[in-house]
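K.L.:
Give the three-dimensional model of this entry:
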Amino acid sequence: MPEYKAFFVKKTDSFSDIRVLIEPKRMKGEPLLGQDAIMIAIPSELRSLVDFSQAERTPLKAISPFKLFTIKIQEDFPLAIAGPLLGSPQAVIVMEKLIALGAKRIWVLGWCGSLQPHLRIGDLIIPTHALSEEGTSAHYPVDKDICETDFFLNTALEAALSKSALPFKKGPIWTTDAIYRETEKKVIAYGKRGYLAVEMEMSALIRLAAYRSVELTGVLVVSDELFSLKWHSAFNMDRLKKRSKAAGRVILDLCMNGIPETSLTAS
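P.N.:
Numbering: from 1, shown residues only. Just a heads-up that it's a prediction; the model follows:
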């Protein structure tokens, strides 16, 4: 039998500058988007915001693991709503495509699991940065010091949520690919370190935003709780549904009507 030798990559080897073979791009006949795009992780919340906004399904030329909807704000530069998405690989595919179509500001709406007793089902979180335990973000080499959500978009979002009487917390979160490996030790340790919640996409999206030089912010709605070391989920809870819809409409309003000047100049 022939001998097969394993191929090992030295830790010092770098592949970051090698030309990629598949580029995210806008295909002929696909829309050129405006600067804002909304990414929604949960199918039910995607349907809800699409129905509320009367966004139109917009087909893409290539097979895509998500749906794209658009709203005409300006004649040639529509607002995009895209989703659903599950996990960092799919989320990055969605965001790469939106950027290729022209988006420069990405707004994310998703669900998360609380690591803190003061954050209960239906509460809102604006993530500032994320601990990465997923496999996608490492393929986007950037300075880790700039891997945060956008300050000005966060400020606008904070003001809009407050105006809508939607209380929120802001802080770091934990992102993991492996929902069945959210262990007791990790929940305790990351909770003590101040991480507010766990979810599956944000660390990769934050890294991609830095890599592509676009702005990104998001709202995560607590859909389940882990801080007691017993999994408590309430995916059908009325408070979760109401808060998710309300947060989505706040984001939609900011994209449709623009960010107030006071938000852009706030310190």
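K.L.:
Quick check: which element contains residue 221?
P.N.:
strand 215-225 (DSSP states H and E).
K.L.:
cool, residue 169 as well?
P.N.:
Taking DSSP H and E as the criterion, the element that holds residue 169 is strand 168-176.
K.L.:
Quick one: name whatever helix or strand follows the strand holding residue 221.
P.N.:
Scanning onward from strand 215-225 (DSSP H and E), the first element met is strand 232-233.
K.L.:
Can you give the contact residues for that next one?
P.N.:
Contacts to strand 232-233, defined as Cβ atoms under 8 Å, 6 or more residues apart in numbering, come from residues 121, 223, 224, 225, 226. Where you see a C-beta, it was placed from the backbone N, CA and C, and this is true even at glycine.
K.L.:
quick check, distance from the strand holding residue 169 to the centre of its chain.
P.N.:
The chain centre lies 12 Å from the centre of strand 168-176; the measure is Cα atoms, centre = their mean, to the nearest Å.
K.L.:
and that strand, C-alpha only, in PDB?
P.N.:
Extracted C-alpha coordinates of strand 168-176, given in PDB (Å, rounded to 0.1, in the frame of the first residue of the first chain):
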ATOM      1  CA  PHE A 168     -30.700  47.600  27.800                       C
ATOM      2  CA  LYS A 169     -27.300  46.600  29.000                       C
ATOM      3  CA  LYS A 170     -24.000  47.100  27.100                       C
ATOM      4  CA  GLY A 171     -20.900  45.000  27.300                       C
ATOM      5  CA  PRO A 172     -18.800  42.000  26.200                       C
ATOM      6  CA  ILE A 173     -20.300  38.700  25.100                       C
ATOM      7  CA  TRP A 174     -19.000  35.200  24.400                       C
ATOM      8  CA  THR A 175     -19.400  33.600  20.900                       C
ATOM      9  CA  THR A 176     -19.100  29.800  20.400                       C
END
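K.L.:
tell me the angle it makes with strand 215-225.
P.N.:
Calculated by axes from the mean of the first three to the mean of the last three Cα atoms, to 10 degrees, strand 168-176 forms an angle of 80 degrees with strand 215-225.
K.L.:
which ones are touching residue 203?
P.N.:
The neighbours of residue 203, taking Cβ under 8 Å, 6+ apart as the test, are 88, 130, 131, 132, 133, 134, 137, 147, 175.
K.L.:
The fourth one - that's part of a strand, no?
P.N.:
Yes: counting by DSSP: H, G, I helix; E, B strand; the rest coil, residue 132 falls inside a strand.
K.L.:
Begin at 9, not 1, for the rest of this chat.
P.N.:
All set: I'll call the first residue 9, so the last point we hit is now residue 140.
K.L.:
so how far is residue 182 from it?
P.N.:
Per Cβ to Cβ, to the nearest Å, residue 140 is found 9 Å from residue 182.
K.L.:
low-scoring pLDDT stretches of the stretch 109-258 of the chain, where are they?
P.N.:
Screening the stretch 109-258 of the chain residue by residue with the criterion pLDDT under 70, one finds the ranges 153-154.
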